[in-house]
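1. after the sequence you'll find the predicted model.
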Amino acid sequence: MVSLIEAVILSIVQGITEWFPVSSSGHLALIHNYLGFQQIEYDIFLHFASILAVIILFRKDIIKKLNIKDRDNFNYFVFLLVGIIPAGIVGFFFRDFIISFFSNMFYLGIFFILSGIIIYLTKFSYESKEKLSFFDSLFIGLMQVLALFPGISRSGTTISAGLFRGLKKEEAIRFSFYMAIPLIIGANIISFNGLNYSEINYLILITSFIITLLVSILTIKILLKIADKNKFYLFGIYNIILGILVLIYSYM
């Protein structure tokens with residue numbers, strides 16, 4: 001059973017790390033390993049809260065893009081599918097293999113460092129195009145496969161991939177977040193199978209959901225401002241430092 005204080009910690013960490021490019025799975029794995037508690041049911045619902053934050057903040061643009069009769073919207077929908085498919089396939093067929101890394105602190109440290117290097121390299125990217133292309137979405141989708149491993153930020157790798165391809169910062173962020181909606185929902189629906197709900201405290205669950213939602217909304221707004229000031233690469237430094245600390249801990 002997750003206590004109230006544990007649920008609050010998980011909620012705040014999830015709300016911040018899901019959208020900041022610092023890997024929510026990696027940070028949750030750290031919490032589970034350091035503090036010794038884990039309940040996948042809570043992790044799943046916290047992810048749903050994070051996704052709801054994106055839908056709320058970008059609702060006008062999402063509603064607009066749902067009109068697939070418009071050619072640009074239809075193309076965007078196709079690009080989203082192209083971006084989602086690689087991680088969806090790899091995640092489905094290699095799920096157990098990927099999960100095995102979540103309890104290994106050495107690999108977690110390595111993945112944090114790798115994620116940090118990718119993000120830091122965006123410092124040298126520049127905007128060169130107005131619209132997303134098929135090859136942009138394919139490249140972003142392939143990069144997203146890396147984020148299946150704990151410590152490698154999904155938002156970090158996909159936003160970085162978009163920036164490497166010359167996309168505008170806000171466009172790279174939006175596409176990354178929109179890809180997350182079906183991918184995270186699908187992954188967590190699959191995870192529902194075989195879970196034990198007999199010990200769920202629904203009051204704590206609802207509290208966690210609300211906290212995660214509010215923190216996620218605030219985090220996304222802050223991220224947009226940071227990216228607009230060309231400071232996105234600084235998250236790479238954070239990931240590298242954290243990865244080094246995790247490696248040191250794993251050897252101790």
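-> That came through, no problem. Please read these numbers as outputs of a predicted model, since none were measured by experiment.
2. run the chain-centre distance for the lengthiest helix in the chain.
-> The residue-count maximum for a helix in the chain (DSSP state H) belongs to helix 202-228. Counting by CA atoms, centre = their mean, to the nearest Å, helix 202-228 is centred 13 Å from the centre of its parent chain.
3. any buried residues in it, and which?
-> For helix 202-228, the neighbour count (16 or more other CB atoms under 10 Å) marks 204-205, 208-209, 211-213, 215-217, 219-220, 223-224, 226-227 as buried. C-beta coordinates here come from the backbone N, C-alpha and C atoms, glycine included.
4. just those residues now: which is nearest T122?
-> A227 (9.4 Å; CB to CB).
5. quick one, what contacts that closest one?
-> The contact partners of A227, taken as CB atoms under 8 Å, 6 or more residues apart in numbering, are 159, 169-170, 173.
6. cutoff 7 Å now
-> 169, 173 (CB atoms under 7 Å, 6 or more residues apart in numbering).
7. do you know how far it is from Q144?
-> A227 sits 18 Å away from Q144, going by CB to CB, to the nearest Å.
8. repeat for D136
-> Taken as CB to CB, the span from D136 to Q144 is 13 Å.
9. those two: which is more packed in?
-> Per other CB atoms under 10 Å, whichever of D136 and Q144 has more neighbours is Q144, with 27 against 23.
10. surely the more buried one meets S155?
-> No. Taking contacts as CB atoms under 7 Å, Q144 lies outside contact range of S155: 9.7 Å.
11. so what touches stretch 158-167?
-> Under the contact criterion CB under 7 Å, 6+ apart, stretch 158-167 has outside partners 21, 118-119, 122, 125-129, 132, 136, 139-140, 143-144, 169, 171-173, 175-176, 179.
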